[in-house]
Each structure stands twice: as C-alpha cells, then as structure tokens.
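Colleague: Please find the sequence and the predicted model below.
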Amino acid sequence: MSFDSISDRGLVILGCGRMGGAILQGLLQGGLPAKSVWVITPHPSDWLQASGVHLSTDLPDNPAVVLLAVKPQMMADALSQLSTMRTGDTLFVTVAAGITMEGYARMLGDQTRLVRAMPNTPSAIGRGVTAIVGNPKATAQDLDIAQELMSGVGQVVRLENEEQINAVIGVSGSGPAYVFHLIEVMAAAGEAEGLAPDLALQLAKATVGGAGALAEQSDETPSKLRENVTSPGGTTAAALNVLMDPDTGMAPLMRRAVAANIARNRELGK
Ligand SMILES: NC(=O)C1=CN([C@@H]2O[C@H](COP(=O)(O)OP(=O)(O)OC[C@H]3O[C@@H](n4cnc5c(N)ncnc54)[C@H](O)[C@@H]3O)[C@@H](O)[C@H]2O)C=CC1
Ligand SMILES: O=C(O)[C@@H]1CCC=N1
C-alpha cells in the first residue's frame, strides 16, 4: 500500500473500538507507520497502547484523513474534539451507520470532502467487505484513498449513490449477525435432536464456515451449489421444502429482516 499523504500529514482516528481497531490493525499490518496515526478514544485497549500510535496527544494540524468510527449517537460530541484542528483540506472517511452526508454537512460544513464506508465485522480477521461512496465534494483521489484504507481489512466495492448504502448495511454491514444467528439456530436444532451442545456448535460453525468458503471459491452459483447437495426426493429436499416455502421460508423472512434494518437506519439518520 502507498500512504504518502497520510505518512506526511497524518491520519486521525476518532473512536477506536471494534471497527476502528480492526481498520487500524489492517493499516499497520499493511505498512502504515504507527507514528503517522493519532487516535482519540476514551479507553484505549492494551493493544492500542502498545501499538506506537499517538494517544491523547496534540493532534496534527490539517491531517490528510480523519476516520470517524464512533457510534452514530456519539458522533456530534466526538466531532467537537476536532474543533481546534484545521481540517479545511482534510478528507473525512466515516464508517458510522445512520448518519447521512447531509448530516455530516451540518456538523462539518458543506465544503467537507467525505466518503461514507460501510464495513462489517469479519474485518477483524481481514475478511471484511466494505462499500464506499463519496459526497459531491469528494474527488476520485479521495475515493482511491478511502479504498486503500479499507482494503487493509478485506474487499472493497464502490456504490453509485448514497441511497444504496442502506441496502448494503441491511445485507453485508449487519449480515454477519444474521449468519451468527444461523449458526446458533442450526446448533440448537442439532441439540434438540440429541447432539451434545459442543458437538452441535462445532458442526454448525464448520458447516457455515465451509459452505461460505465454498460459495466464495467455487465457479458455481450458490443455487447450483445448493442443488449439488440436494438429491431428488432426499433428506435435503425435505428440509428445503420448509426453508424455501414462498410464504414462511427464509426468503420472505430475510426480506422482512432487511427491510426492518433499513427502516431503523432511516430513523437513526433523522
Ligand atoms: N460493529 C459493526 O458490525 C459495524 C459497525 N459500524 C459502525 O462503526 C462505528 C463503530 O462501531 P463499533 O466499532 O462496533 O463500536 P465500538 O463501541 O466497539 O467502538 C466505538 C468506540 O468509540 C469510542 N468513543 C466513544 N465516545 C467517544 C468520543 N467522544 N470520542 C472518541 N471515541 C469515542 C468508544 O470508547 C469505542 O472504543 C459505528 O458508527 C457503527 O455504526 C459499521 C459497520 C459494521
Ligand atoms: O447495528 C449497527 O447499527 C451497526 C451497523 C452495521 C452493523 N452494526
């Protein structure tokens, strides 16, 4: 990775919890010098304290990038800590769900260059997927910088407009939680059918992990991979009759779940 402008002028990270921490780890592993990074976070973890980044020290004037990774509800308070910094020429990259570009324009001014990025928690092991979209002031180079920042924690895709970020949150941003719940309910079903809890959990985790890796690596579509498991009139077909029921199966359930996610996101954005 090349981090010339960040190495020269610095990166400020506001909020270094799960997501900010994962992104920072990816950047340091990708070769960004720790001395180019300033972190503002109330309770720095042991790892963060030992990482060599600047903590609770004077912020750089005019940093190249400010990464916003606090909870949406904390954003206005957290941003007030940057008030002494000259940020006219700074790119803001935000991972917060629920705060729109219009909201940032109110807090940071409408001339601010800003990229919204929506990652997910597999970023913690470098297997995240992040969607990015720039505001009208963001340049092509700003999007390249944001892509470079986020590619330290996994794949990066680009969106055409801000509205699409809602669907991204509904699918991939929150999606790991749906998959973890799938593991929970598969394990519970195994337990209900007589397996020991540890064994049921091991089977469910390995199945979801293995099927996910196969879906990513195979040239076949997920539909074909599903058909490959399903013998006509066999046991999988019996289960899929339940899961693929057009009224009560996973498709209408997922549609409702994603719609609820997006509705909440719009509420948070108000
Ligand atoms: N966890 C997830 O799956 C995803 C989270 N996001 C977004 O990432 C953002 C952060 O979420 P997480 O990392 O999960 O939360 P987190 O709670 O792990 O991290 C937030 C960090 O901000 C710090 N903080 C609180 N008040 C602060 C302040 N005034 N100034 C500076 N730092 C402050 C907290 O101490 C904490 O370390 C949220 O806006 C969320 O919408 C985006 C995609 C996925
Ligand atoms: O639940 C949330 O609000 C955040 C956004 C995406 C994942 N977690």
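Modeller: Great, that's in hand. Numbering: from 1, shown residues only. Ligands and ions are numbered 1, 2, ... in the order given.
Colleague: For this structure, which segments count as strands?
Modeller: Per DSSP state E, the chain carries strands over the ranges 11-14, 37-40, 54-55, 65-68, 91-94, 113-118, 128-134, 154-158.
Colleague: Turn those strands into a markdown table, including mean neighbour count.
Modeller: Placement of C-beta: from N, CA and C, glycine included. What follows is these, written out as a markdown table (neighbours: other C-beta atoms under 10 Å):
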| stretch | mean neighbour count |
| --- | --- |
| strand 11-14 | 24 |
| strand 37-40 | 23 |
| strand 54-55 | 16 |
| strand 65-68 | 26 |
| strand 91-94 | 26 |
| strand 113-118 | 24 |
| strand 128-134 | 23 |
| strand 154-158 | 16 |
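Colleague: In TSV, list the ones you listed along with distance to Gln202 and mean pLDDT.
Modeller: Below are the strands of the chain laid out as TSV (distance: least, C-beta to C-beta, whole Å; pLDDT from 0 to 100):
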stretch	distance to Gln202	mean pLDDT
strand 11-14	36	96
strand 37-40	37	97
strand 54-55	39	96
strand 65-68	37	97
strand 91-94	38	97
strand 113-118	31	98
strand 128-134	24	98
strand 154-158	25	97
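Colleague: Tabulate these in JSON lines, adding columns for distance to ligand 2.
Modeller: Below are the strands of the chain laid out as JSON lines (distance: least, C-beta to the nearest ligand atom, whole Å):
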{"stretch": "strand 11-14", "distance to ligand 2": "17"}
{"stretch": "strand 37-40", "distance to ligand 2": "20"}
{"stretch": "strand 54-55", "distance to ligand 2": "25"}
{"stretch": "strand 65-68", "distance to ligand 2": "13"}
{"stretch": "strand 91-94", "distance to ligand 2": "12"}
{"stretch": "strand 113-118", "distance to ligand 2": "7"}
{"stretch": "strand 128-134", "distance to ligand 2": "11"}
{"stretch": "strand 154-158", "distance to ligand 2": "14"}
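Colleague: Can you pull the residues of the protein lying near ligand 2?
Modeller: 97, 169, 173-174 (C-beta under 6 Å from any ligand atom).
Colleague: which of those tops the neighbour count?
Modeller: Most neighbours among the residues of the chain next to ligand 2, by other C-beta atoms under 10 Å: Gly173, with 24 neighbours.
Colleague: Name the nearest residue to that one, sequence neighbours excluded.
Modeller: Nearest residue to Gly173, sequence neighbours excluded (C-beta to C-beta, 6 or more residues apart in numbering): Met118, at 4.8 Å.
Colleague: who's in contact with the one you found?
Modeller: Taking C-beta atoms under 8 Å, 6 or more residues apart in numbering as the criterion, Met118 is in contact with 95, 97, 130-132, 165, 168-169, 172-173.
Colleague: picking that back up, farthest pair within the residues of the chain next to ligand 2?
Modeller: Among the residues of the chain next to ligand 2, the pair separated by the greatest distance (C-beta to C-beta) is Ala97 and Ser174, at 8.3 Å.
Colleague: that older thread, flag whichever of the contacts of Met118 scores worst on pLDDT.
Modeller: The pLDDT minimum for the contacts of Met118 sits at Ala97, where the score is 91.
Colleague: wouldn't that one be in contact with Glu267 here?
Modeller: No: Ala97 lies out of contact with Glu267 (C-beta atoms under 8 Å); the separation is 11.3 Å.
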